[in-house]
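1. Got a predicted structure plus its sequence, pasted below:
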Amino acid sequence: MIRKEIVAMLLAGGQGSRLGVLTQNIAKPAVLYGGKYRIIDFTLSNCINSGIDSVGILTQYQPLALNNHIGIGKPWDLDRMSGGVTILSPYMRTEKGEWYSGTADAVYQNIHYVDSLSAKYVIILSGDHIYKMDYSKMLDYHKKNNADATISVIEVPWEEASRYGIMSTQEDDRIFEFEEKPANPKSRLASMGIYIFTWDLLREYLILDHSQSSSHHDFGKNIIPAMLAHDRRLFAYKFDGYWRDVGTIDAYWSSNMNLTERVPDFNLFDPYWKIYTPNPVYPPHFIGDNGKVEKSIVAEGCMIYGTVRRSVIFPGVTINENTVIEDSIIMSEALIGSNVEIYNTIIGETSVIGNNVKCGVGEFAESTFNPKVYYTNTTVIGSNTVVPNNTVIGKNVVIDNYITPHDYETNNIPSGGYVMKGGGAE
Amino acid sequence: MKSTMGIILTGGKNNRLKELSLERSIAAVPIGGKYRIIDFTLSNMVNSGITNVGVLTQYNYRSLMDHLGSGKEWDLDRKTEGLFIFPPYLSEYGTGWYKGTADAMYNNITFLYRSDEEYVLIAQGYAIYNMDYTPMLERHINTNADITVACRNMDDLTCEDQKQLGMVQLDEDGRIIDFMEKPPNPKSSIGSLGIYIIKRDFLIELLEESAAKGLTEFVQDIIVRRTDTLKIYSYMFNGYWRPLSSIQLYYKTNMELLNPKVRQELLVGRNKIYTKVKDEPPAKYNAEANVHNSIVADGCIIEGTVENSILFRGVRVMKGAYIKDSLVMQGAVVGANSNLRYCILDKGVTISEGKALNGDSQWPLIVGKNVTV
């Protein structure tokens, strides 16, 4: 029988509702990032680069794009005889079927998957973050401490600490207290949502947790506090590299923009820690005679006849003559017409921007659609959407996925405005 | 084309591509920013529905084998059939060394016997073109030909280039009545693309007969000698086609890829060209980048000026560097304030700071693999 030392359980079922229309039809881990990748690629590449070759991916929300993306795991070298990548979606049982009601419940419902690989340790990951981390070093640390659980932590600024799960540790990094989103944080060591557990013990706690109907079935809220209450050996593993939750429009846009810096905080060019993703079949990109590209990243298959500054351009994008694109993210196969000006805008896959369109112009105004999600200068245009010729679009505008020219009431959408399928605000 | 198997001939020993083919067969020479020459013929076969492909290779095939691997990029890693690579081997019956194209196929006649497709499509690994072979097979069947040869009007090639090809004369039905391999004075501008369709059992018969007579070349010993006795028909192909038979043609062909029409037909259209995947990040342009009319592959970092050029994967162009009318292959580093004009830099070349290299549009300057200038 094949025995795996460590198995990864990758939680990829979250919607990421603060990304608005970007996650309307796909789960957050499947959102495009960095000119070529999807967010989950970073965690999956970390797994294979750390020598973990068994990864269970727990999906729930809108899994189609994610399932297509992952396939049998070939791009990450995770198409294996044993282990490899396994998509674990909620399923029916004889009595009844259940959705995953929390992070711990998702793993609980797949206890048999981990058991089948006879794993000694399990690492819990989420597919929501951009970072590079060698999990094998964290496992060494776990073993050295003879720990029951090891939680990866990062120092966050004091003023942000109340947004995270905060650890209080002894001098030897043993955790004696854990508080989920505390009003008055006692430390600034925030949980990154990355846990290594000794499987036999986690298994017991998952079964115990499942029997408690009052539980949220969440690692941070229930499992970790329960282990602390029983005086288990929990250790904090400090991480000090680049780690971003790109779960808001603001964070998503800034993190992408940072990649265009001369020396970005996250190095995609690291030959010793490659980020893998399926490679679509495109020729190299082409810059036309009057094309101009500055401080940007451009993927394969693009044809650029206009000007691009400080932007991230995904594969297969066409940008026509006399068009200027600045501070923007243009996703795969979008077509941008001629004489277009686009500033500070995210444009979804295969969308078409007509000629003479101006986008991201004017002054900021509060979103009349959903100010909790849309609160920056960035205008967001969904995927498979058409923006007709001559349309003028302000700042902080949101245009839904699958919008056709018939959905527009006017060709002037002021800052803070929106165009939604069906028309209504939330 | 499930009924057809493919054979790709990757050519004999030659140094027509100079330094570029010193360490690799012509089929494995990089082209167009991310491709190898063989990708075109191999992708054409796959796009035409051929799923059983043998690649016959002899000289410097290491880099070709490395490139093709298990064939998974062409979707040819199959349980049955798929991609087979046939370098020469020693046996009781021969030295193993292929003495010609017919001999190479004869040495691997087991491959022909074991396959069960009705037809064989034989093509060359030295040309780039995007072609659906299905209409050619239809014509082969409709004309009831013994052999069908893909041909093309070669008047967009120079006279010198035409002399490197097989030139044919046709009757009004398109039957080939005269076939001259590398003629000193071509009688027409119709040339062979080196693509043949023939029934598998008939090919086996012809190869066994030739071997018995000690004949070794498919073109000279089989086709040229039998234009009278066999029904050899042409299939006219009107698309873009370039044999990479000289450095001039290789350079010119790369430069032609900057033409949107050529790129559309060859690379962007419905039938895609597949190649080995490298997992490079998207290309990065820093603030000083100034790139015009150029093809840029993934993994490049550009801080200099690039005009009318092709940058292959992972090229670094430092500040103040000026690259014009040049091909820069994978992993090359072009140092600050250097100047390249009409150059071909092979893989891994380093151009030191401030160096200037000038070729000529007819004689581009070639810098060999991994050289530091």
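-> In hand now; what should we look at? Here the structure is a predicted model, which is why all the values come from computation and not from measurement.

2. The stretch 1-150 of chain A against chain B: which residues are in contact?
-> When proximity is defined as Cβ under 8 Å from any Cβ of the partner chain, the stretch 1-150 of chain A approaches chain B at A:34-36, A:74-75. The way it works is simple: take the backbone N, C-alpha and C, and place the C-beta from them, glycine included.

3. Can you tell me which of those has the most neighbours?
-> A:Gly35 (30 neighbours; other Cβ atoms under 10 Å in any protein chain shown).

4. list the contacts for it?
-> A:Gly35 sits next to A:259, A:297-299, A:312-314, B:281-282 when contact means Cβ atoms under 8 Å, 6 or more residues apart in numbering or on different chains.

5. With A:Val246 instead?
-> With Cβ under 8 Å, 6+ apart, A:Val246 has these contacts: A:31, A:33, A:39, A:128-130, A:252, A:255-256.

6. Taking those together, which two end up most distant?
-> A:Asp128 and A:Asn256 (15.1 Å; Cβ to Cβ).

7. Against chain B, how distant is A:Ser254?
-> The gap separating A:Ser254 from chain B is 18 Å, by Cβ to the nearest Cβ, to the nearest Å.

8. and that residue, how far is that from A:Arg38?
-> 18 Å (Cβ to Cβ, to the nearest Å).

9. can I assume A:Arg233 is in contact with A:Arg174?
-> Yes. Counting by Cβ atoms under 8 Å, A:Arg233 does reach A:Arg174; the two are 6.9 Å apart.

10. list residues touching both of those two?
-> A:Asn145.

11. How is A:Ile124 assigned, secondary-structure-wise?
-> Three-state secondary structure (criterion: DSSP: H, G, I helix; E, B strand; the rest coil) places A:Ile124 in strand.

12. mind listing what residue 62 touches?
-> I went with chain A, as the question did not name one. A:15, A:23, A:25-27, A:30.

13. Can you look at chain B instead?
-> Contacts of B:Arg62 (Cβ under 8 Å, 6+ apart): B:Arg24.

14. mind checking pLDDT for it?
-> Note on B:Arg62: pLDDT of 82.

15. Check the stretch 51-200 of chain B for the residue nearest chain A and tell me.
-> Closest residue of the stretch 51-200 of chain B to chain A, Cβ to the nearest Cβ: B:Lys72 (7.9 Å).

16. what residue ranges in the stretch 51-200 of chain A score low on pLDDT?
-> Within the stretch 51-200 of chain A, no stretch has pLDDT under 70.

17. Can I get the longest strand seen in chain B in CSV? Just the C-alpha atoms.
-> Counting by DSSP state E, the longest strand found in chain B is strand B:190-199. Taking C-alpha atoms only, strand B:190-199 is exported to CSV below (Å, rounded to 0.1, in the frame of the first residue of the first chain):
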residue,chain,number,x,y,z
ILE,B,190,5.8,24.2,-60.0
GLY,B,191,7.7,22.6,-57.1
SER,B,192,7.1,19.6,-54.9
LEU,B,193,6.5,20.3,-51.1
GLY,B,194,7.9,16.8,-50.3
ILE,B,195,4.5,15.7,-49.1
TYR,B,196,3.3,12.4,-50.5
ILE,B,197,0.2,10.3,-50.0
ILE,B,198,0.4,6.6,-50.9
LYS,B,199,-1.4,3.5,-49.9
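
18. all helices of the chain, in order?
-> Using chain A. A:40-49, A:64-70, A:103-108, A:111-116, A:135-144, A:199-211, A:224-229, A:249-258 (DSSP state H).

19. wait, I meant chain B there
-> Using DSSP H, helices in chain B cover B:38-47, B:62-68, B:101-107, B:109-114, B:134-142, B:159-162, B:200-212, B:247-256, B:260-263.

20. Residues of the stretch 1-150 of chain B that sit close to chain A?
-> B:32-34, B:72.

21. Endpoints of stretch A:219-239, how far apart?
-> Stretch A:219-239 has an end-to-end distance of 19 Å (criterion: Cα to Cα, to the nearest Å).

22. same deal with stretch B:313-320?
-> Stretch B:313-320: ends 20 Å apart by Cα to Cα.

23. List of residues touching it?
-> A:284, B:33-34, B:278, B:280, B:288-289, B:297-304, B:306, B:311, B:323, B:328-338, B:353.

24. Pick out whichever of the residues of the stretch 1-150 of chain A next to chain B sits closest to A:Thr345.
-> A:Gly35 (15.8 Å).

25. Once you drop chain neighbours, what's closest to the residue nearest the centre of chain A?
-> Geometric centre of chain A, nearest residue: A:Asp128, 3.3 Å, by Cα atoms, centre = their mean. Setting aside the residues directly before and after it, A:Asp128 is nearest to A:Lys28 in space (Cβ to Cβ, 6 or more residues apart in numbering or on different chains), at 5.6 Å.

26. how far away is that neighbour from A:Gln109?
-> 21 Å.

27. Ok, B:Ile177 next?
-> Distance from B:Ile177 to A:Gln109, by Cβ to Cβ: 75 Å.

28. Next up, phi/psi of the closest residue to B:Val268 other than its chain neighbours, please.
-> The shortest distance from B:Val268 to any non-neighbouring residue, by Cβ to Cβ, 6+ apart, is to A:Pro283 (6.5 Å). With angles defined as degrees, to the nearest 10, A:Pro283 sits at phi -70, psi 170.
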